[in-house]
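Student: sequence plus predicted model, see below.
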Amino acid sequence: MEIQAAPDIGIRHHCRFDGCDKSFIRKEHLNRHERIHAGSHFVCEICSEKFHRSDSLRRHLLTRHSDVFKPTPSSKTKKACTACHKRKVKCDGSQPCSRCREKKDNCIYEQSETVAPSEDHPVGERSQPQNSSSLGATGNHDTNMLDAFSGGVQHEAATHIDAPGVNESFGMNIDDSFLAEAHRQQEQALQPATVSPNESSGSGISPPQNQQATSSPFDQFIFKTAGVVNWSALRIQKDRQSNGEMPSEQPPAMSGDADDNYLETVFKAYFGHFHHRWPIVHRPAYEDQKFSLVLISSMKMIGAWFLLDQRSHDNAFAMHEYLMLHIPSILAKKSSNDRFHDTLPVSLCQAALLNIVFALYCGIEKLVSRAVTLHNMLVGVLREVRFFEKETAYADEKPGMFLPLHVKMSGDRQRFAMYLYKLDNYLSLIRDRPPLLLPEELHFSLPSSLAHWDADGLGMWEKRLSAESVRDKRSMTELIRTNTDSLNPTGELQLIEDAQLCMCSLQFRIWMLAQVSRTSSSSDPANVYPRDSLQRRLDAFKGQLDRMALRPGDAAHHSQNPNSIFRFYYGYEDQSQPGWETIVTSRVKDLSFDALMLHHLLNLNLHADIRSLRQLARDQGITDVSGLSKDRQFLHAQRMRVAASWSKSASARRCLFSAVSVMTHQCLERSGTVHKRAIDPIAQVALATSALIIWAYCTFSAPRCQLCMPIINDSPSLSVELTNWCGPLVGDMGKDGWIIVGKGCPVDLEGIRLCRCNIGILVAKFQVHIQEGWELAQTIAPGVFANNNSPRRQGHIIPH
């Protein structure tokens with residue numbers, strides 16, 4: 001790719017004052033510059049700041065004192081007010097104009113100033129950036145913005161746009177002197193720059209061959225960003241105000257909010273324990289989203305939750321209580337007239353999503369129930385504003401949007417849609433209800449990798465862009481369709497998140513199959529074929545996850561492998577410091593663990609009627625069914641018969657293997673309360689559901705130990721030890737045979753026989769990994785974790 005520069009003009013006008021080496025192409029620019037040396041000034045009457053040019057003073061008044069300064073258009077630059085412009089009638093330019101005064105309309109003039117090179121701030125001196133400034137740029141925009149970076153770069157005429165907080169969002173401070181230097185650079189005769197294929201060279205753009213190396217920070221920056229941003233086409237406009245995102249009432253102040261060190265610790269906990277699992281927020285931009293108080297408050301809430309001390313614990317719940325009162329009240333006011341990214345701010349929807357996820361992390365039944373209601377409301381509002389319709393257009397898709405900002409805003413939508421869909425299926429598994437969202441509604445392109453999403457600064461953003469060229473360009477709907485509608489998925493999935501997305505799409509089919517199986521025999525061919533088909537698809541995704549996993553010795557050297565999956569999961573870690581690769585490896589292991597827990601949980605729901613087993617667990621306390629109505633007696637007896645038949649089937653043995661695979665996963669071996677809190681909620685759900693499976697198997701299968709039935713002489717050599725088939729390096733030899741023909745074979749778990757008298761000690765093996773106080777465990781497996789200390793439930797170990 002080549003980047004064409006401005007042609008060589010030749011003649012330049014040099015400043016005549018001693019010690020000044022500036023030169024200009026046009027004579028009037030030289031005259032304007034020399035007035036600086038003459039000492040002439042224009043003074044702001046509001047703040048007394050001095051300027052060398054009248055247009056600089058006017059720009060200062062428009063941006064810094066717009067609430068006080070009400071400009072009247074001059075005779076040369078009269079502009080119609082907004083109302084007259086819409087009516088296409090002549091406007092007299094007064095404030096208010098005569099027509100608006102007559103009609104009693106609000107007379108508003110749109111202020112738009114093109115940034116020109118300024119001499120008030122000499123090049124090399126950086127002025128303070130204006131907090132309210134926004135930045136836009138132009139480019140040739142295709143449907144996929146990333147494709148524009150790999151092809152030729154073509155700049156169009158500048159278009160004035162709203163673009164909130166771009167300069168801060170990408171770690172840049174852009175002021176007049178910076179833009180003036182950009183103009184100066186483009187005025188010079190630069191030879192075309194070429195793109196180097198070597199990713200290690202920064203952005204991959206090298207300076208022209210006849211241009212000598214320079215140590216100027218600007219020179220280094222301009223070469224790094226050439227081809228992505230046309231700095232000469234930038235315009236600055238005041239940020240658009242928030243559209244009522246938060247009520248006037250302020251959220252409760254956290255104890256420690258005034259302590260910068262405490263807040264730093266809170267956000268460090270958020271990004272260290274939570275962000276890589278739920279990368280909803282654009283990390284380079286979060287500090288500058290001052291308008292998004294609701295989102296920042298939600299992030300502080302989650303960060304405080306991971307700090308464990310009582311003060312932070314109280315802060316998190318107080319903030320959640322406040323947000324769960326106000327976010328629904330704001331969403332309730334939205335209608336079909338609102339638009340996502342406009343009158344329905346993305347930050348409000350992100351905050352709602354974070355609060356729902358927070359409730360699942362806490363696992364408190366009351367909070368989860370309210371979160372389910374908020375989730376239903378959020379999906380309803382998004383459908384009303386046509387968020388899930390492909391035809392909906394967004395402001396950042398129009399020509400003239402600053403390229404990195406467009407990628408960021410489209411990334412907001414993509415990630416929000418993906419993780420809302422993931423959360424929807426989580427709630428479906430927890431509440432045993434059908435998901436609200438359909439895969440066909442996910443028309444959004446697959447989001448970029450975590451590494452590109454979390455790129456710190458525009459330079460790193462462009463450097464990591466090269467790895468995105470291999471990213472799948474399909475939509476989420478297309479990815480799901482091609483990997484779930486056929487028995488053999490087409491192509492390898494690139495990211496762990498892709499596998500999670502595809503597996504989530506199977507939940508609705510699994511739920512529907514459970515409803516059909518409940519009214520017919522599980523051995524009915526109409527049920528067997530769909531179940532086998534779904535099992536093969538789950539196994540295919542498991543195989544892809546295994547292929548994504550680490551090979552021995554790769555963890556410490558994955559940065560040296562250009563094809564390693566780990567390059568997609570780089571973050572803010574300093575790659576010049578030892579041990580940074582360990583952080584990346586841990587990040588990938590966490591995501592792989594979450595995906596495997598989802599896989600095993602779907603297997604459990606596929607091969608067991610979880611709703612019926614859950615109801616039987618609730619009915620444990622019923623000793624006399626005669627007091628129940630006839631309908632309830634019939635249903636209870638039917639569930640007992642079905643459970644007894646299931647416990648002897650191959651489906652039950654397959655469930656046992658999945659349950660033990662959940663319990664023995666190496667990621668659960670980490671100790672500490674922080675680790676338990678950081679575990680994704682789907683792992684907690686999988687643990688509780690696995691405990692329910694163990695309880696049901698021990699309760700309804702034939703007892704097979706001397707304590708239960710002393711007349712039976714068990715032979716330890718004939719028993720099956722489930723853990724022999726679990727582990728990352730353990731094969732499946734013998735497992736499939738046992739699943740098919742293992743009826744009646746005694747089963748052990750870590751040397752403990754699966755029978756009624758061992759229920760307590762067996763369930764405790766799962767309970768030890770569940771977060772303390774996670775009430776959803778009792779909802780998922782009611783009564784299963786109770787009374788584990790009774791003498792009957794202490795258990796015994798069969799000697800081998």
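Tutor: In hand now; what should we look at?

Student: where does the prediction get shaky in the stretch 651-800 of the chain?
Tutor: Counting by pLDDT under 70, the ranges of the stretch 651-800 of the chain that qualify are 670-674, 702-717, 727-733, 787-800.

Student: quick one: low-confidence parts of the stretch 151-300 of the chain?
Tutor: For the stretch 151-300 of the chain, the ranges with pLDDT under 70 are 151-251, 253, 255-259, 287-291.

Student: what about 80?
Tutor: The model of the stretch 151-300 of the chain has pLDDT under 80 over residues 151-260, 286-292.

Student: quick check: closest non-adjacent residue to residue 771.
Tutor: Among residues not flanking residue 771 along the chain, residue 676 sits closest, at 4.5 Å (C-beta to C-beta, 6 or more residues apart in numbering). (Each C-beta comes from the backbone N, C-alpha and C, glycine too.)

Student: these two touch, right, the one you found and residue 768?
Tutor: No. With contact defined as C-beta atoms under 8 Å, residue 676 does not count as touching residue 768 (9.8 Å).

Student: where in the stretch 301-450 of the chain is pLDDT low?
Tutor: Short version for the stretch 301-450 of the chain, where the test is pLDDT under 80: 398-401.

Student: quick one, helices of it?
Tutor: Ranges of helices in the stretch 301-450 of the chain, per DSSP state H, counting those that start in this stretch, are 310-331, 346-362, 365-384, 403-431, 450-453.

Student: roughly how far apart are the residue nearest to residue 771 and residue 47?
Tutor: Distance from residue 676 to residue 47, counting by C-beta to C-beta, to the nearest Å: 55 Å.

Student: please say which of those two ends up with more neighbours.
Tutor: residue 676 (18 against 10; other C-beta atoms under 10 Å).

Student: and that one, what does it touch?
Tutor: Residue 676 makes contact with 769, 770, 771, 772, according to C-beta atoms under 8 Å, 6 or more residues apart in numbering.

Student: out of the helices of the stretch 301-450 of the chain, nearest to residue 544?
Tutor: Nearest to residue 544, of all the helices of the stretch 301-450 of the chain, is helix 403-431, at 17.3 Å by C-beta to C-beta.

Student: in the closest one, what's buried?
Tutor: 403-430 (16 or more other C-beta atoms under 10 Å).

Student: again, but for stretch 296-316
Tutor: In stretch 296-316, counting by 16+ other C-beta under 10 Å, buried: 296-307, 312, 315-316.

Student: contacts for it?
Tutor: 251, 254-256, 263, 265-270, 272-274, 281, 286, 289, 319-320, 322-323, 350-351, 354-355, 357-358, 361-362, 673-674, 677-678.

Student: of the residues you listed, grab the buried ones for PyMOL.
Tutor: The buried residues among these can be selected in PyMOL (16+ other C-beta under 10 Å) with this line:
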select buried, resi 251+254+256+263+265+266+267+269+270+272+273+274+281+286+289+319+320+322+323+350+351+354+355+357+358+361+362+677+678
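
Student: could you find the closest non-adjacent residue to residue 599?
Tutor: Using C-beta to C-beta, 6+ apart, the nearest residue to residue 599 is residue 542, at 5.4 Å.

Student: please report the distance of the one you found from residue 254.
Tutor: For residue 542, the distance to residue 254 (C-beta to C-beta) stands at 42 Å.

Student: what of residue 401?
Tutor: The gap separating residue 401 from residue 254 is 36 Å, by C-beta to C-beta.

Student: any idea which element residue 461 lies in?
Tutor: According to DSSP states H and E, residue 461 maps onto helix 458-463.

Student: so after that helix, what's the next helix or strand?
Tutor: helix 476-484.

Student: how about that following helix: buried residues?
Tutor: Residues 476, 477, 478, 479, 480, 481, 483, 484 are the ones in helix 476-484 that count as buried (16+ other C-beta under 10 Å).

Student: ok, then the element right after it?
Tutor: Proceeding N to C from helix 476-484, the next assigned helix or strand is helix 496-504, under DSSP H and E.

Student: and for that next one, what's in contact with it?
Tutor: With C-beta under 8 Å, 6+ apart as the test, helix 496-504 has contacts from 418, 421-422, 425, 446-447, 472, 476, 479-480, 483-484, 489, 493, 538, 541, 544-545, 548, 565, 588, 591-592, 594-595, 598-599, 602.

Student: can we see that at 6 Å?
Tutor: Under the contact criterion C-beta atoms under 6 Å, 6 or more residues apart in numbering, helix 496-504 has outside partners 422, 425, 480, 483-484, 493, 541, 544-545, 591-592, 595, 598.

Student: ok, those vs residue 14, which is closest?
Tutor: residue 591 (60.0 Å).

Student: name the nearest residue to that closest one, sequence neighbours excluded.
Tutor: Nearest non-adjacent residue to residue 591, counting by C-beta to C-beta, 6+ apart: residue 496, 4.4 Å away.

Student: so what's the residue count around that neighbour?
Tutor: Residues within reach of residue 496, counting by other C-beta under 10 Å, total 24.

Student: now do it, the pLDDT please.
Tutor: Residue 496 is assigned 93 on the pLDDT scale.
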